[in-house]
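Attaching a predicted model along with its sequence, questions to come.
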Amino acid sequence: METLTRPATDSLNDVRSAIPESCYRRSNSRAVAALVQATILYAVPVTGLFLTDSWWMLLILWPLAGLAVSGLFVLGHDASHGALFESRRVNRVVARLCMAPSAHVEAAWDLGHNRIHHGYTTRQDFDFVWHPSTVEQYKAFGFLARVRHRLEWSCFGAGAYFLRVVWWEKMWRFSAPGKRHGAIVRDKLALSSVMILAVGGTVVFGALNGGLLSAIWMPIKVLVIPFLIFVQVIGWAVYVHHIAPDIRWWPRKEWSQFKGQMDSTTVMHLPRIVNRLWFHNIFVHVAHHVDTRIPFHQLPAASVAIEAAYPNTVRTSRLSLRGYLKITRACKLYDFEAGRWLDYASTRQLAATVN
């Protein structure tokens with residue numbers, strides 16, 4: 001592998017200059033192979049869900065289907081960034097197709113994720129994805145808002161947060177002004193049509209094979225539950241990319257592209273088989289944030305080059321239940337002035353001091 005040595009500076013352009021040119025080479029064959037793999041991994045458990053109601057089989061097939069929806073979504077996410085194929089048109093078509101099982105509107109995702117989240121990563125009042133509340137904001141919450149916050153920021157709440165904030169509020173409910181409005185509306189209409197056909201097809205299949213109860217149960221079993229598992233998986237993935245006691249969020253005046261993409265993003269090491277089957281290197285997240293044009297199969301090499309040039313900056317971690325639980329206990333609210341996370345106990349002490 002070619003290596004380049006660059007002085008470590010606080011310029012994102014200098015970070016990009018440390019990445020070998022080979023890391024930008026797309027491969028149609030690698031992309032097609034990944035898409036075929038993801039499609040098979042989705043088709044097999046979904047077919048099984050159509051054919052069985054055995055409780056122990058469902059407990060196996062549901063997680064596999066949810067992970068498969070996640071795998072398709074990750075490839076659709078890469079295509080939406082334009083990093084999967086050379087052709088912009090092919091990327092957009094593939095993005096829409098891969099995001100359909102997860103009911104994501106690609107044009108709205110492009111605005112919210114590609115433009116806003118990547119453009120203003122961990123910047124106060126800009127990056128809406130897992131944006132922390134301050135002590136003052138939490139004090140102003142009503143009872144139900146506090147209950148919701150405690151749920152969404154708990155170790156079980158990633159899916160609930162992602163479903164409400166990202167999927168519903170920033171995509172389906174959101175109506176973009178200006179030139180993006182038409183594209184988002186068209187994508188919503190097209191995806192809604194596909195979703196109606198999918199639900200209708202599963203209802204008919206259930207009715208023909210078991211009557212009314214089967215007609216109701218079939219879309220829940222085949223479509224809804226895998227979707228909810230996907231939401232939990234992706235919500236957790238986004239959370240661990242940008243939330244940890246040593247990951248900072250930045251006030252507007254202190255934020256820079258370098259801080260958002262390098263200081264406030266992490267590389268998480270997963271078991272190789274899990275990464276290979278479903279996640280396609282998306283947890284090599286620093287390199288992805290430094291330059292979204294890097295295709296998924298080149299992210300590890302790009303990450304090695306970035307870590308070599310910035311060994312004291314790139315944050316790495318290893319998948320760990322204990323580590324995740326520690327993060328969810330410590331990271332509840334954020335003090336932007338002090339640049340630190342607070343748990344609820346610290347919040348009560350701070351609130352008493354403020355009063």
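Cool, got the structure.

which secondary structure element contains residue 66?
Using DSSP states H and E, residue 66 maps to helix 55-80.

Tell me the helices and strands packed up against that helix.
helix 28-51, helix 88-99, helix 106-109, helix 225-242 (3 or more CB pairs under 8 Å, 6 or more residues apart in numbering; DSSP states H and E). For the C-beta atoms, the positions are set from N, CA and C on the backbone; glycine is no exception.

could I get those as CSV with mean pLDDT?
As requested, the helices and strands packed on helix 55-80 are exported to CSV (pLDDT from 0 to 100):
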stretch, mean pLDDT
helix 28-51, 97
helix 88-99, 97
helix 106-109, 95
helix 225-242, 97
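
quick one, which of the ones you listed is packed in tightest?
Comparing the helices and strands packed on helix 55-80 by mean neighbour count (mean count of other CB atoms under 10 Å), helix 106-109 comes out on top with a mean of 26.

List of residues touching that one?
Contact with helix 106-109 is made by 76-77, 80, 92, 95-96, 99, 170-172, 174, 176, 180, 183-184, 186-188, as judged by CB atoms under 8 Å, 6 or more residues apart in numbering.

Now with 6 Å, please.
80, 95, 96, 99, 171, 183, 184, 187 (CB atoms under 6 Å, 6 or more residues apart in numbering).

From those residues, pick the one nearest residue 129.
The nearest member of these to residue 129, counting by CB to CB, is residue 171 at 11.7 Å.

ok, now how distant is the closest residue to the closest one other than its chain neighbours from residue 122?
Computed as CB to CB, 6 or more residues apart in numbering, the closest residue to residue 171 that is not its neighbour in sequence is residue 108, at 4.3 Å. Using CB to CB, to the nearest Å, residue 108 is found at 21 Å from residue 122.

now do residue 236
From residue 236 to residue 122 the distance is 18 Å (CB to CB).

ditto for residue 270
Taking CB to CB, one finds residue 270 at 22 Å from residue 122.

And residue 296, by the same measure?
23 Å.

Kindly report the same for residue 328.
Where residue 122 is concerned, residue 328 sits at a distance of 18 Å (CB to CB).

So those two - more neighbours on which side?
Using other CB atoms under 10 Å as the criterion, residue 328 and residue 122 rank with residue 122 on top: 25 against 19.

For the more buried one, give me phi and psi.
phi 60, psi 30 (degrees, to the nearest 10).

Just the pLDDT at it, thanks.
Note on residue 122: pLDDT of 96.

quick one, what contacts it?
249, 250, 260, 264.

Can you get me a residue count around the second one?
The burial metric for residue 250, expressed as a neighbour count using other CB under 10 Å, is 21.

how far away is it from residue 125?
Applying CB to CB to residue 250 and residue 125 gives a distance of 11 Å.

Ok, the first one next?
Summarising the geometry, the distance separating residue 249 from residue 125, computed by CB to CB, is 10 Å.

cool, the last one as well?
Distance from residue 264 to residue 125, counting by CB to CB: 15 Å.

If you count surrounding residues, which of these two has more?
The residue with more neighbours, out of residue 264 and residue 125, is residue 264; 25 against 10, by other CB under 10 Å.

Could you pull up phi and psi at the more buried one?
phi -110, psi 20.

Show me what the longest helix along the chain is packed up against.
When the chain is scanned for its longest helix (criterion: DSSP state H), the result is helix 180-210. Applying 3 or more CB pairs under 6 Å, 6 or more residues apart in numbering; DSSP states H and E, one finds that helix 180-210 contacts helix 106-109, helix 212-219.

I'd like to know how many residues surround the nearest residue to residue 252 once chain neighbours are set aside.
Nearest residue to residue 252, sequence neighbours excluded (CB to CB, 6+ apart): residue 124, at 5.7 Å. Residue 124 has 18 neighbours, counted by other CB under 10 Å.

how close does residue 124 sit to residue 114?
20 Å.

Ok, residue 327 next?
26 Å.

Enumerate every residue touching the nearest residue to residue 72 once chain neighbours are set aside.
Spatially, and ignoring its direct neighbours in sequence, residue 72 is nearest to residue 98 (4.5 Å; CB to CB, 6+ apart). If a contact means CB under 6 Å, 6+ apart, then residue 98 has 72, 75, 76 as its contacts.

Quickly name whichever of those is closest to residue 309.
residue 75 (28.4 Å).

give the contact list for the closest one.
Contacts of residue 75 by CB under 6 Å, 6+ apart are 34, 38, 98.

shouldn't residue 292 be in contact with residue 80?
No - distance between residue 292 and residue 80: 9.3 Å, which falls outside the contact criterion (CB atoms under 6 Å).

I'd like to know how many residues surround residue 168.
Residue 168: 12 neighbours (other CB under 10 Å).

Any figure for the gap between it and residue 104?
Residue 168 is 11 Å from residue 104, by CB to CB.

cool, residue 338 as well?
On the measure of CB to CB, residue 338 and residue 104 end up 36 Å apart.

quick one: average confidence on stretch 156-167?
Stretch 156-167 comes out at a mean pLDDT of 96.

Buried by neighbour count: which residues of it qualify?
157, 158, 159, 160, 161, 162, 163, 164, 165, 166, 167 (16 or more other CB atoms under 10 Å).

Of these, which belong to helices?
Those of those lying in helices (DSSP H): 158, 159, 160, 161.
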